[in-house]
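Peer 1: Structure of the sequence below:
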Amino acid sequence: MHRVLNVLKSRLFAQKPQIDRRVPAKSTQVPKTGDFVVYHHLKMKVGARTSQELWKWLQKHGWRVENFQNDRRRYTLLPEASYSRLDLAPTSERPMIIRSFLRMK
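Peer 2: Numbering: from 1, shown residues only. Coordinates of the predicted model:
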């Protein structure tokens, strides 16, 4: 009896099929020296000194390796020393540095 009720309910209320939403892939790719990483409208070149800790922190805060084929977005290119400045800064000061970058246009 329970099955019959479920079939009737599904026919009467015509449930819509579940649509898979596009979820952006998590980027686990570690950038190499000279690659660019992006965040909102910022674009930063990875310096010679690359630490895993900094990359994990940047990734956690939304930075991704730029690997778009036909990218028509407009980015603000940060100075060359930006990556090393973040690398040398203590973890507690990094959000302030990122905020100062975001104010650049």
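Peer 1: which stretches of this protein form strands?
Peer 2: 36-39, 42-45, 64-65, 76-77 (DSSP state E).
Peer 1: and the third one, what other elements does it pack with?
Peer 2: In terms of contacts (3 or more C-beta pairs under 8 Å, 6 or more residues apart in numbering; DSSP states H and E), strand 64-65 is packed against strand 36-39. No exception for glycine: its C-beta is placed from N, CA and C like everyone else's.
Peer 1: same thing with the last one?
Peer 2: Judged by 3+ C-beta pairs under 8 Å, 6+ apart, the packing partners of strand 76-77 are strand 42-45.
Peer 1: residue closest to the middle of the chain?
Peer 2: Gly62 (3.8 Å; C-alpha atoms, centre = their mean).
Peer 1: Quick check: closest non-adjacent residue to that one.
Peer 2: Leaving aside its sequence neighbours, Gly62 sits nearest to Tyr39 (C-beta to C-beta, 6 or more residues apart in numbering; 5.5 Å).
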